[in-house]
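Engineer: give me coordinates for this.
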Amino acid sequence: MTKITRRVPNKTAYFLSVIILTLYFNMLSFGFAVNQNVRDNNAATTEPKSQAQLPLIPPVVWGSADEWKLQMRADQRLRVERRDNFDLDKRKADNDDLAIVRTRVNFDLTYRSLWRVYLEVADARQIGARSELMQEAYWHLHQLFFEAKLREDSPWSLRVGRQAMPLGDQRLVDYGSWSNLLRLFDGVRLRYKTNEVETNFFVVQPDVYQRRHKPALTTDDPHPLRHTYFYGIYSTFSCWRPQTLELYLMGLSDREKVRSFPNAVKSETGRFGTSSRYTAGARLYGPLWQRSGTGKLGYEIESAYQWGNVADDDLHAAMLHADVHYTWDKPWKPKLKIEGNIATGDRKFGDGQTNTFSPLFGSTHSPYGIMDFVRLQNLRELALILSLEPTKKLKLQVEAHHYWLDSRTDSWYNGPGLRDKTGQSGRDLGEELSLVATYKLSERVTLEGGIAHFFPDNYPRKHGKPDGANFAYLQYVINF
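Structural biologist: Next up is the predicted model:
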C-alpha cells in the first residue's frame, strides 16, 4: 500500500515555536494562579479553588441573572518517543525517533443549565518519524454539538452533533487520549441521569481521519464512515452503593459492500457483503472489604458476548475481564492489582463461522501495556500492576504482562500481524515489562515518562522474529 507522507514545511521551526508558546503560556498561567490565590486569600467568604477550575482566560458572563456564560479552554500534549525493533527482527533497520503534538482549543457556551453549544478545533502533527504513522490532521473542526434540556431540573438531556462518547471503563468505547487522533462520533445521544442511574441511548456514525487518494492513503479532517452505524444503550446503576453495575447492548452495522477504505467486509472465503455485530455485556465493580488505617480490597469483572454476521459468516464471540486489587492505607498509597483478560479468536478458518471478538472502539493502550502490541482480540492475558505515590505530585506504576493467543489459528492483532492457520506455532506471544512515572508540575502542567521492553516467546520466534523490542517516551500536557 502506498502512503502519502505529509511533512511540516519547517519541522525545526514548528517544534521550537511549540516549545516557546508552551513556556510563555505556562509562565502566564503561573502568574495568573499567584494573583488568583492572593485574591482568594483576601476573600473571607471565598473557598480556595484549584487552577484546573480557574481557566487562564476568565469566563464571560452576562444577562440579568448571569444566565449566559462563555468559557474558552485549551490544552496541548507533546510526546517524544523512541521505538526500537518493533518488528522483533534486528536484521531490519526500523528503529525510529519521533514526536507528536496535539493542540485543542474549545469554546463552551451555556444558557443556565438548559442548553449548551460546544465548539472545539484541533491540530495534530507528527514530527521526525521515518515513516508515516497516520497521526496528522492539521487544524480542523474537532467537536461541535448542541445539548438541551426541557427544564433545568430534568434528568433528560439530548446531544446532537460531533462528540466524544467514552463509555464505562472504555474497553469497548473510548476517547483514545494516547493517540494524536481522538475517537469521535457524529450523531445523537439521549441521556437520562440521576444520582442512582445514568443511561445513554445513542445512534451515531464513527468518524475516521483516513482518506484514500488513489493509490495512496493519508489522514485529513475527521469525517463519518459511510454507511456505518453504531447504536445502542449503556446504563450505569449506582443504587446498590458501594457496588456499581453497568449493563449495555450495542450494535455496529456496516452496510457498505464496495469501498476503497477501509476495506469492504469479506467473509473468510473472500466473499463481499455487509456486517452486523451486536454486543451485550455487563460490568460490576466495587469494594469487597475495607478497614480504616489498613486498606481496601476491591474487584472488577466485565463480560460481553457478540453475535451477528460478517458477510456470509455467522458471528459468535466473547470476552471476559476480571481483576482484584488492594490499596494499603499507608504512606505512598501502594496499590497492587492482578488482572486477566480473555477475548476469543477464530477457531477454524473457512468454516462459515467467525469467533474473533472485536473491541469495537475500545482502548488499545493502557489496559494491556504501553507498547500497544496487543488489543482485546484473540487474546489471553495475565498482568500484575503495582502503583506508588511517593509524593502528592509523583506517581509511579510498574506493570508486568504476559500474552497468549486465544486461538492458535487466528491472527496476532496489533502486533506484527502474524497468522498461522495450521496452529503449529503455538499461542505464547511474550511478556512486557514497563515503568511509567507521572509528575504534576502544577495544576496546569503534567509531565509523564515511560520505558518498556517486550520479550518474545515461542510464537514470534517460530515466525523468524526472535528479538526483543524497546520503547521509551516523555511527554507533557498543559491545560490553559
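Engineer: where does the protein have low pLDDT?
Structural biologist: Within the chain, the segments meeting pLDDT under 70 span 1-56, 214-215, 260-261.
Engineer: do a quick rundown of the helices in it.
Structural biologist: Remark: helices assigned in the chain by DSSP state H are 11-42, 458-462.
Engineer: all strands of the stretch 151-300 of the chain, in order?
Structural biologist: 156-163, 185-193, 197-213, 216-224, 228-237, 244-254, 275-291, 295-310 (DSSP state E, counting those that start in this stretch).
Engineer: any chance of a markdown table for these, columns mean neighbour count and distance to residue 68?
Structural biologist: In short, each C-beta sits where N, CA and C put it, glycine included. Formatted as a markdown table, these follow (neighbours: other CB atoms under 10 Å; distance: least, CB to CB, whole Å):
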| stretch | mean neighbour count | distance to residue 68 |
| --- | --- | --- |
| strand 156-163 | 18 | 19 |
| strand 185-193 | 18 | 23 |
| strand 197-213 | 17 | 27 |
| strand 216-224 | 17 | 30 |
| strand 228-237 | 18 | 31 |
| strand 244-254 | 18 | 36 |
| strand 275-291 | 16 | 39 |
| strand 295-310 | 18 | 42 |
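Engineer: would you turn these into TSV with distance to residue 351?
Structural biologist: Listed next are the strands of the stretch 151-300 of the chain as TSV, based on distance: least, CB to CB, whole Å:
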stretch	distance to residue 351
strand 156-163	40
strand 185-193	34
strand 197-213	29
strand 216-224	32
strand 228-237	26
strand 244-254	22
strand 275-291	17
strand 295-310	13
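Engineer: nearest to residue 95, of those strands?
Structural biologist: Each of the strands of the stretch 151-300 of the chain was scored for nearness to residue 95 using CB to CB, and the closest is strand 216-224 (23.2 Å).
Engineer: tilt between that closest one and strand 185-193?
Structural biologist: 40 degrees (axes from the mean of the first three to the mean of the last three CA atoms, to 10 degrees).
Engineer: okay, now the sheet partners of strand 216-224, with direction.
Structural biologist: strand 2-3 (parallel), strand 197-213 (antiparallel) (DSSP bridges).
Engineer: Throw these into a markdown table and include distance to residue 315, thanks.
Structural biologist: Shown next, in a markdown table, are the strands paired with strand 216-224 (distance: least, CB to CB, whole Å):
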| stretch | distance to residue 315 |
| --- | --- |
| strand 2-3 | 31 |
| strand 197-213 | 19 |
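Engineer: so which of those strands is nearest residue 63?
Structural biologist: strand 197-213 (29.7 Å).
Engineer: which one, of the strands paired with strand 216-224, ends up nearest to residue 57?
Structural biologist: The nearest among the strands paired with strand 216-224, by CB to CB, is strand 197-213 at 28.2 Å.
Engineer: ok, now which ones touch the closest residue to residue 125 other than its chain neighbours?
Structural biologist: Once flanking residues are discounted, residue 125 sits nearest to residue 101: 4.7 Å by CB to CB, 6 or more residues apart in numbering. Shown in contact with residue 101 (CB atoms under 8 Å, 6 or more residues apart in numbering): 18, 76, 77, 78, 123, 124, 125, 127, 180.
Engineer: if anything else comes up later, I'll come back, but that's it for now.
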